[in-house]
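# Let's see this in three dimensions:
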Amino acid sequence: MSTRPLSPQQSAAQRSRLRLVVVQALVLSLFATLLVRLWYLQVASGDDYRAQAASQSVRQVIVQPDRGLIVDDQGRPLVANRSSWVVSLDRTTVGGLSEDDQELLLTRVAKALDTKASAIRARLLDCGTPGAVSGTCWNGSPYQPIPLDDDVEQPVAQLIREQAEDYPGLVVQEQSVRAYPKPYGVNAAHVLGYLSPITEGELSAAEEKKDLSVNGASQVGRAGVERAYDEYLRGMPGYLHMAVDSKGRVLGESGEDVARPGDTLVTSVDAKLQGVVEKALSEAMTAARQRTDRNGQRYRADSGAIVVMEAKTGRVVAMASQPTYDPGVWVGGITQKQLSRLYSEKAGTPLLSRAMQGQFAPGSTWKPFMSIGALTNGYTTDTRLNCSSSVNVGNRAFRNYESGSYGMIDFATAITVSCNTFFYRIGLDFWQRYGSDVANVNAKDPLVAEAKEWGFGKSTGIDIPGEASGRIADRKWKRAYYDEMKDYYCGIVKKPGDASGFVRQFAREFCIEGYAYRAGDAANFVIGQGDTIVTPLQLARAYAALSNGGTLYEPSIGKAVVDPNGKLVRRIEPVVQGRVKMPRRILNYVREAMLGVAQRGTLAGVMGGWPLDEVPVRGKTGTAEVYGKQTTGWVGSYSKDYVVVSMISQAGTGAGANGVAVRKIWDALYGFDGTQFQRGKAAIPGIVQTSSLPTFAPDGAILPPARLSKEDER
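Model prediction:
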């Protein structure tokens, strides 16, 4: 059977039908693909996409946690929290108002909060935007109401709530802010520290570390233990989930993640003793201002500090500084006037902690360390030197201050009567043997080396920030100081009439040979005078090492961290920074000499009636002379358990300025009533182990540490 070929017309028609079939198949396949995809999106993955869509309509508002408590060694609260009224402004609501209504609202709010409308506008600006000022602008979420005042008086808060129609967008809530219960009248501002809003830089750093414990509305520690233990105290914020519409308007709450309160910090500070120390220091300074110096001028007694430390651990049990301030001044935001006063020299710079940031010449409290340095570098306990009324150093007579002329005496007697000329001779001897080349910065100096062994000239490592390092005024320091200041003093010489006669004479001498470490520098160094300076904390730590046998601890305030449920998070153990190497016989010799100071020396009047045979208290007084100022008085003292160091600037002699305060503290420490020790009256219960912590009850109560039984005591 044969097939006839298709005509051209038939062939073209067949090809057209084929193309139509292909096009129909493609269209059908596309529709099928779209139907399958639609089924996948709406049925198979519908739940996931609906969840994503819902999440885009929910915004998180941060709920700040309650900050952790700070308590003393017995569980008494030093820093707690109280409820406060916070007034915030919701920008999404305000954004819907007309410009005139917005201006009227800001004016009305400013009047209610007793501030300026311009100050409120500054708070509403996001940090990083034009016109924003760091510290005032808003760091937080754009969906979170911006706090305008976080410590509003209740009548103001109630007024705003009752007249809500006049304050659209204004949110009034309760939250916790810092409170200071002040057990036993305690201030402790320099120990506790304060809070202030987080900065842009701090927030950026936290975000880089993915630290979720802080946010744009956080308050963070700035000083004291508030700063040192901020990571424990701050807690973890919660989140309130707010439903919003497409324009960002809040529709209502959709859930909440509860905030976790901060941990409790247990400190080594004892509130009862801290109260005694603060009162004693204040009274001593007041009493000093009623006395007059050699020129008939009343003592200024412009600043002071007392440090009480556990000798065997380095823990600080009390630390006071004057002038001080009310730590509550930071709550709710500090005013510029208040801040200026804290930094004001006229007001005594209250923000400065004299205990750990104040630096003063130590005077004769330095002599025990110089004695140990001399006795381990050639001198012996049999050495006798002349305690004359004066000794010539170059063309100048260096005199005694607190003592008279005692003839030929040994080290023990020199410490007991505080003979300067005895120690001048030691300083001169070492200078003549090793360092008479005044330009040799590397000359051997056993007494400088000894001072450094006891930790002077560097920070103690205390666990709160801002500590000063003190200064050892040795040859290298003097050369460095000369290089830094020679242009300044030489400039004074070149400008006649611009300075007083004394200043011009000093400048002339300094310009010529201010680098020279002369015999007078060595003589001053050995009695704690001249350019060497220490902090009261440094001296207390060194006296603790005299008590415990030479161990230098890093002083500490923190003792333990406990979570909100009472579970121990961290126990803060004492840290050894170094050990002083010395023969035990020499240490014991100096100890006995310091006991003599309390028995018959410059501390005898202070410790009169104290049973030194039962509880030996050893010590040394010091009176430091400062050019252009009245003398600074010191008392350094210790027992086998504690160290008490007291310093008052421009207040007279060591015992005269500090003696009464120091005695009150020793009486409080051991419960001595003038005739006998009474354990129940001791500020720190003697039957509580120093490592014991308060008891945290299930109901949240904090109880004193468990007491030992009489069998345990034995």
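# residues contacting Ser196?
By CB atoms under 8 Å, 6 or more residues apart in numbering, the residues touching Ser196 are Gln219, Val220, Arg222, Trp330, Ile334. C-beta: built from backbone N, CA, C; applies to glycine.
# isn't there a strand covering it?
Yes: according to DSSP: H, G, I helix; E, B strand; the rest coil, Ser196 belongs to a strand.
# in the sheet, who's paired with it?
Val220 (DSSP bridges).
# What's the separation between it and Ile512?
49 Å (CB to CB, to the nearest Å).
# Also Arg19?
Distance from Arg19 to Ile512, by CB to CB: 110 Å.
# cool, and Asp100?
In terms of CB to CB, Asp100 sits 74 Å off from Ile512.
# What of Ala287?
45 Å.
# For those two, indicate the residue with more neighbours.
The neighbour comparison of Ala287 against Ile512 (other CB atoms under 10 Å) goes to Ala287, with 17 against 13.
# residue ranges with poor pLDDT in the chain?
Scanning the chain for pLDDT under 70 picks out 1-15, 38-60, 135, 141-143, 242, 244-254, 402-403, 496-500, 686-691, 707-714.
# Following the chain onward from the longest strand seen in it, which element is next?
Longest strand in the chain, counting residues (DSSP state E): strand 77-89. Note on strand 77-89: by DSSP states H and E, the next helix or strand toward the C-terminus is helix 91-94.
# Relative to the whole chain's centre, how far out is that following helix?
40 Å (CA atoms, centre = their mean, to the nearest Å).
# Ok, stretch 365-378 next?
That offset, for stretch 365-378, works out to 33 Å (CA atoms, centre = their mean).
# Strand partners (parallel or antiparallel) of the host helix or strand of Val177?
For Val177, the element it lies in under DSSP H and E is strand 170-179. In the sheet, strand 170-179 lines up against strand 77-89 (antiparallel) (DSSP bridges).
# tally of neighbours for the closest residue to Thr381 other than its chain neighbours?
With sequence-adjacent residues excluded and distances taken as CB to CB, 6 or more residues apart in numbering, Thr381 is closest to Tyr589, at 5.5 Å. Using other CB under 10 Å, Tyr589 has 20 other residues around it.
# And Thr107, by the same measure?
13.
# Tell me which residues touch it, please.
Here Thr107 is in contact with Ala117 (CB under 8 Å, 6+ apart).
# That one - that's part of a helix, no?
Yes: Thr107: assigned to a helix according to three-state DSSP.
# any idea how far it lies from Asp101?
11 Å.
# about what we covered before: can you list contacts of the strand holding Val177?
64, 66-67, 79-90, 105, 109, 145, 150-152, 157, 160-161, 164, 194-195, 327-328, 330-332.
# in it, what counts as buried?
Leu170, Val171, Val172, Gln175, Ser176, Val177, Arg178 (16 or more other CB atoms under 10 Å).
# List the residues that contact the closest residue in space to Asp326 that isn't next to it in sequence.
Spatially, and ignoring its direct neighbours in sequence, Asp326 is nearest to Ala189 (7.1 Å; CB to CB, 6+ apart). By CB under 8 Å, 6+ apart, Ala189 lies in contact with Gly224, Thr324, Tyr325, Asp326, Pro327.
# Can you flag the buried ones in those residues?
Buried, going by 16+ other CB under 10 Å: Gly224, Thr324, Tyr325, Pro327, out of the contacts of Ala189.
# I figured the third one hits Pro350, correct?
Spelled out, that is Tyr325. Yes: applying CB atoms under 8 Å, one finds Tyr325 in contact with Pro350, separated by 4.2 Å.
# shared neighbours of those two, anything?
Counting by CB under 8 Å, 6+ apart, the residues touching both Tyr325 and Pro350 are Arg341, Leu342.
# circling back to that earlier point, switch the buried residues of strand 170-179 over to a markdown table; also include distance to Asp483.
Output for the buried residues of strand 170-179, formatted as a markdown table (distance: CB to CB, whole Å):
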| residue | distance to Asp483 |
| --- | --- |
| Leu170 | 61 |
| Val171 | 60 |
| Val172 | 61 |
| Gln175 | 54 |
| Ser176 | 53 |
| Val177 | 50 |
| Arg178 | 46 |
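# before we move on, which element is Val307 in?
Val307 belongs to strand 303-310, assigned by DSSP H and E.
# What are the neighbouring residues in contact with the residue nearest to Pro465 when sequence neighbours are not counted?
Distances taken as CB to CB, 6+ apart place Arg227 nearest to Pro465, at 5.6 Å, with adjacent residues excluded. Arg227 sits next to Gly193, Val220, Gly221, Ile464, Pro465 when contact means CB under 8 Å, 6+ apart.
# and if you look at Thr421?
By CB under 8 Å, 6+ apart, the contact set of Thr421 is Asn386, Cys387, Ser388, Ser389, Ser390, Val391, Phe398, Arg399, Asn400.
# Next: Gly461.
Glu467, Glu554, Pro555, Val575, Gln577.
# Can you give me the domain boundaries for this structure?
Following automatic domain parsing, one finds the domains of the chain at 59-267, 271-322+537-563+571-679, 363-526, 684-714.
# looking at those domains, which is buried most?
When the domains of the chain are scored by mean count of other CB atoms under 10 Å, the highest mean neighbour count falls to domain 271-322+537-563+571-679 (a mean of 21).
# Need the three-state assignment for the residue nearest to Pro465.
Arg227 - assigned by three-state DSSP - is helix.
# got it, and Ser405?
Strictly by three-state DSSP, Ser405 counts as coil.
# for the closest residue to it other than its chain neighbours, phi and psi?
Spatial nearest neighbour of Ser405, excluding adjacent residues (CB to CB, 6+ apart): Ser389 at 4.4 Å. Ser389 adopts backbone torsions of phi -70, psi -20, taken as degrees, to the nearest 10.
# how close does Ser389 sit to Leu447?
For Ser389 relative to Leu447 (CB to CB), the value is 23 Å.
# Check Val156 too.
In terms of CB to CB, Val156 sits 64 Å off from Leu447.
# Looks like Asn548 contacts Lys312 (just checking).
Yes: at 5.3 Å, Asn548 counts as touching Lys312 under the criterion of CB under 8 Å.
# right, and the domains of the chain - which one's nearest Thr33?
When the domains of the chain are compared by CB to CB, domain 59-267 sits nearest Thr33, at 31.6 Å.
# burial count for the residue nearest to Ile684 when sequence neighbours are not counted?
What sits nearest to Ile684 in space, not counting adjacent residues and going by CB to CB, 6+ apart, is Asp270, at 5.1 Å. By the criterion of other CB under 10 Å, Asp270 has 25 neighbours.
# Backbone torsions only: list them for Asp270.
phi -110, psi 120.
# so it touches Gly75, yeah?
No: between Asp270 and Gly75 there is no contact, the gap being 11.0 Å when judged by CB under 8 Å.
# about what we covered before: distance between the longest strand of the chain and the chain's centre?
22 Å.
# Now do the contacts for Asp293.
Applying CB under 8 Å, 6+ apart, the residues contacting Asp293 are Tyr299, Gln630, Thr631, Gly652.
# any idea how far it is from Ser646?
Remark: distance between Asp293 and Ser646 (CB to CB) = 19 Å.
# now the helices: where do they sit in the stretch 101-250 of the chain?
117-124, 154-162, 189-192, 200-208, 224-228, 230-233 (DSSP state H, counting those that start in this stretch).
# Farthest pair within the contacts of Ala189?
Maximum distance among these (CB to CB): 14.0 Å, for Gly224 and Asp326.
# pretty sure Pro183 contacts Arg76?
Yes: between Pro183 and Arg76 there is a contact at 4.6 Å, judged by CB under 8 Å.
# any shared contact partners between these two?
Ala271.
# Cheers, nothing more for now.
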